[in-house]
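Undergrad: What would the 3D arrangement of this be:
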Amino acid sequence: MKIMVLGYGCSNCEKMVELAKKTVSELGIDAKIEKVTDIKEIMKYTMSTPWLVVNGKLKHSGKPLPISTRSKN
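TA: Numbering: from 1, shown residues only. Sure, this is the predicted structure:
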């Protein structure tokens with residue numbers, strides 16, 4: 001699985017990266033997390049950030065996912 005967090009380095013982008021890493025670790029998912037800051041690459045998807053892209057498909061945009069949306073099991 002390939003997970004990309006697209007963002008320019010703002011605090012919300014950094015939070016999204018950390019949340020993605022934590023979630024992948026907690027769930028034991030075999031995934032590569034890539035932080036994309038290159039404006040040309042980001043513009044292929046959007047102008048607003050952060051975006052979470054999994055296997056080439058948009059899964060979330062805007063502020064980082066709230067912790068309450070994740071399973072606590």
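Undergrad: residues in contact with Val36?
TA: Shown in contact with Val36 (Cβ atoms under 8 Å, 6 or more residues apart in numbering): Met4, Val5, Leu6, Gly7, Ile42. C-beta coordinates here come from the backbone N, C-alpha and C atoms, glycine included.
Undergrad: is it in a bridge, and if so with what?
TA: According to DSSP bridges, the partner residues bridging Val36 are Leu6.
Undergrad: Give me the pLDDT for it.
TA: Note on Val36: pLDDT of 90.
Undergrad: Same question for Met1.
TA: Reading off the model, Met1 has pLDDT 92.
Undergrad: Would you confirm that it contacts Gly28?
TA: No: using Cβ atoms under 8 Å, Met1 makes no contact with Gly28, being 11.9 Å away.
Undergrad: Counting neighbours, go ahead and name the busier of those two.
TA: Taking other Cβ atoms under 10 Å, Met1 and Gly28 do not tie; Met1 has more neighbours (10 against 7).
Undergrad: on that earlier part again, any idea which of the contacts of Val36 is closest to Met16?
TA: Taking Cβ to Cβ as the measure, Met16 sits nearest to Val5 out of the contacts of Val36, at 4.9 Å.
Undergrad: can you give me the helices for this structure?
TA: 11-27, 39-42 (DSSP state H).
Undergrad: Could you identify which of those is most buried?
TA: helix 11-27 (a mean of 16; mean count of other Cβ atoms under 10 Å).
Undergrad: Which strands or helices does it pack on?
TA: strand 2-6, strand 32-36 (3 or more Cβ pairs under 8 Å, 6 or more residues apart in numbering; DSSP states H and E).
Undergrad: In a markdown table: these, plus distance to Glu18.
TA: Formatted as a markdown table, the helices and strands packed on helix 11-27 follow (distance: least, Cβ to Cβ, whole Å):
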| stretch | distance to Glu18 |
| --- | --- |
| strand 2-6 | 9 |
| strand 32-36 | 10 |
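Undergrad: ranking these by burial, who's on top?
TA: strand 2-6 (a mean of 20).
Undergrad: Give me the contacts around that one.
TA: Contacts for strand 2-6 (Cβ under 8 Å, 6+ apart): 13, 16-17, 20, 24, 31-36, 41-42, 45-46, 49-56.
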